[in-house]
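J.: pasting the structure only:
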């Protein structure tokens, strides 16, 4: 398409040609005709721009945590001999990241490349597609403008917020309940089946001193169970349990699941992941966080089919982490049956709403259901953590559980 300058040149050339015809000046006619044809020639030349212009995108990181900065660098290369006056580069962004990024490149010579950059700071988990890229290119005289589209797409994955559950809480005279909870969840991975004699280069911290005292030889723990132990993280993402995606309860549950799952994988566990819509399957830590980043609420009405898959995957050397809202009394029996075949069991229950924001009668009803579920699970051998949408998991992770208090009593 012609720019304002191009249209002005065409109109001016035609006017000059008409005036030259009237006054009978052949030289002026040639000049006017040349001015009128010049934008047309520029339009033909600019049509080759799609074949001579290349655009590439480079990301500083493709997987980040919420609030981290990603630098996006666009490299625009001009493969033709002729240069361009101005290039307006636009990179399309999802609405959650704001308006499209626009940058201007002036005077790009032929057979050269120029780089421009911008930054985005995603604040919430998710997968953010970048692209396509459009370039508004003008010719060297600014007579024409041609919009070029490049199907260059990338994706930035923002993982959920991960809390460090292995960190030690503020020192206190009481017992370290957070460490006890972690040991309870990871106890399968801390067991060992055999021992072997010490070899030069072994970690001295793995010496089994009772065996040394009994045999007189240095013996090293052979932690075979750590390689065999596994953990299953189940997220009940039904809207009836945790509300909609981006809600406080839903995002708190996703963050809790990510934090416990990372704790398991970094303790040497083989991780499996399941939701109300998908049966358990093996995942790496990276795939686990990617799945949580893209997880949205489900419209499923009942959790019974998912509990059937959960019970079929049960194993005595597998730890179970169940993340959901406080289950209804009709769901408790099925949940406890599904978890009976697992080893250590942890339930992270998140209130769907802030109890303090509800009317007194609804608050009492919600807290009563949560208390009933927590006590029933504790009697069945579960460890239970109860969270509100605004409560970090680490705050409750180091709090004493009713099960341990009862056993201590």
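T.: Looks like it arrived, so ask away. Predicted, not measured: the structure shown is a model, and the values here were computed from it. Numbering: from 1, shown residues only.
J.: The stretch 51-200 of the chain: strands as residue ranges?
T.: Under the criterion DSSP state E, counting those that start in this stretch, the stretch 51-200 of the chain contains strands at 53-59, 63-64, 70-78, 84-91, 101-108, 112-120, 126-130, 133-138, 145-150, 154-158, 194-197.
J.: Residue 38 - how many residues pack around it?
T.: Counted by other Cβ atoms under 10 Å, the residues lying close to residue 38 total 17. In this view, the C-beta of every residue, glycine as well, is placed from N, C-alpha and C.
J.: what about it, is that helix, strand or coil?
T.: At residue 38, secondary structure determined by DSSP: H, G, I helix; E, B strand; the rest coil is helix.
J.: what do you get for the one 5 residues further on?
T.: The local conformation at residue 43, judged by three-state DSSP, is helix.
J.: neighbours of it, just the number please.
T.: Other residues within reach of residue 43, judged by other Cβ under 10 Å, total 17.
J.: correct me, but residue 103 touches residue 89?
T.: Yes. With contacts counted by Cβ atoms under 8 Å, residue 103 reaches residue 89, the gap being 4.9 Å.
J.: overlap in contacts of the two?
T.: When contacts are counted by Cβ atoms under 8 Å, 6 or more residues apart in numbering, residue 103 and residue 89 are jointly contacted by 74, 116.
J.: Which one's more surrounded, these two?
T.: Between residue 103 and residue 89, counting by other Cβ under 10 Å, residue 89 is the more crowded of the two (22 against 15).
J.: confidence score at that one?
T.: The predicted structure scores residue 89 at 95 on the pLDDT scale.
J.: In the sheet, which residues pair with it? Tell me.
T.: residue 103, residue 135 (DSSP bridges).
J.: which ones are touching residue 7?
T.: Here residue 7 is in contact with residue 39 (criterion: Cβ under 8 Å, 6+ apart).
J.: Now with 7 Å, please.
T.: Taking Cβ atoms under 7 Å, 6 or more residues apart in numbering as the definition of contact, residue 7 has no neighbours.
J.: How much space separates residue 180 from residue 164?
T.: 17 Å (Cβ to Cβ, to the nearest Å).
J.: neighbour count winner among those two?
T.: Neighbour count, other Cβ under 10 Å: between residue 180 and residue 164, residue 180 has more, with 15 against 11.
J.: could you redo the strands of the stretch 51-200 of the chain as TSV and give each row distance to residue 364?
T.: Formatted as TSV, the entries for these read as follows, by distance: least, Cβ to Cβ, whole Å:
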stretch	distance to residue 364
strand 53-59	50
strand 63-64	42
strand 70-78	46
strand 84-91	52
strand 101-108	51
strand 112-120	45
strand 126-130	36
strand 133-138	56
strand 145-150	59
strand 154-158	37
strand 194-197	54
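J.: what is the rounded mean pLDDT of stretch 379-399?
T.: Confidence for stretch 379-399, expressed as mean pLDDT, is 93.
J.: With stretch 255-262 instead?
T.: 96.
J.: Likewise for stretch 111-126?
T.: The predicted confidence, averaged over stretch 111-126, sits at 94.
J.: So for residue 300, which of the strands of the stretch 51-200 of the chain sits nearest?
T.: Distances from residue 300 to each of those were compared by Cβ to Cβ, and the smallest falls on strand 126-130, at 21.4 Å.
J.: How far off centre is the closest one?
T.: Its chain's C-alpha centre and that of strand 126-130 lie 9 Å apart, by Cα atoms, centre = their mean, to the nearest Å.
J.: strand partners of that strand, parallel vs antiparallel please.
T.: Using DSSP bridges, the neighbouring strands of strand 126-130 in the sheet come out as strand 154-158 (antiparallel).
J.: buried residues in the strand it pairs with?
T.: Across strand 154-158, burial judged by 16 or more other Cβ atoms under 10 Å covers 156, 157, 158.
J.: same check, this time on stretch 308-326
T.: When burial is assessed from 16+ other Cβ under 10 Å, stretch 308-326 yields the following buried residues: 310-311, 313-314, 318-326.
J.: For residue 244, which non-adjacent residue is spatially closest?
T.: Once its chain neighbours are removed from consideration, residue 244 has its nearest residue in residue 297; the separation is 5.1 Å (Cβ to Cβ, 6 or more residues apart in numbering).
J.: and the gap between residue 352 and residue 370?
T.: Here the distance between residue 352 and residue 370 works out to 10 Å (Cβ to Cβ).
J.: Likewise for residue 156?
T.: Noted for residue 156: a distance of 36 Å to residue 370, by Cβ to Cβ.
J.: go on, residue 86?
T.: Relative to residue 370, residue 86 is positioned 62 Å away (Cβ to Cβ).
J.: ditto for residue 241
T.: Relative to residue 370, residue 241 is positioned 12 Å away (criterion: Cβ to Cβ).
J.: go on, residue 399?
T.: Here the criterion is Cβ to Cβ. By it, residue 399 lies 15 Å from residue 370.
J.: Who has more neighbours out of these two?
T.: Comparing residue 399 with residue 370 by other Cβ under 10 Å, the one with more neighbours is residue 370, at 21 against 13.
J.: That one is in what secondary structure piece?
T.: Here residue 370 is covered by helix 360-379, with elements defined by DSSP states H and E.
J.: Would you mark the buried spots in that helix?
T.: Of the residues in helix 360-379, those with enough neighbours to count as buried (16+ other Cβ under 10 Å) are 363, 366, 369, 370, 373, 374, 376, 377, 378.
J.: And these, which is closest to residue 135?
T.: residue 366 (54.7 Å).
J.: Would you check that that closest one makes contact with residue 351?
T.: Yes. Here residue 366 lies in contact with residue 351, judged by Cβ atoms under 7 Å, at a distance of 6.5 Å.
J.: Double-check that residue 300 belongs to a strand.
T.: No. Counting by three-state DSSP, residue 300 is located in no strand; its state is coil.
J.: Which pLDDT value goes with it?
T.: Per-residue confidence for residue 300 comes out at a pLDDT of 92.
J.: And for residue 311?
T.: Turning to residue 311, the model gives it a pLDDT of 94.
J.: for it, what are its contacts?
T.: Residues counted as contacts of residue 311 (Cβ under 7 Å, 6+ apart) are 337, 338, 341.
J.: Residue 271 now?
T.: Residue 271 makes contact with 231, 233, 261, 264, 265, 283, 285, 288 under the criterion Cβ under 7 Å, 6+ apart.
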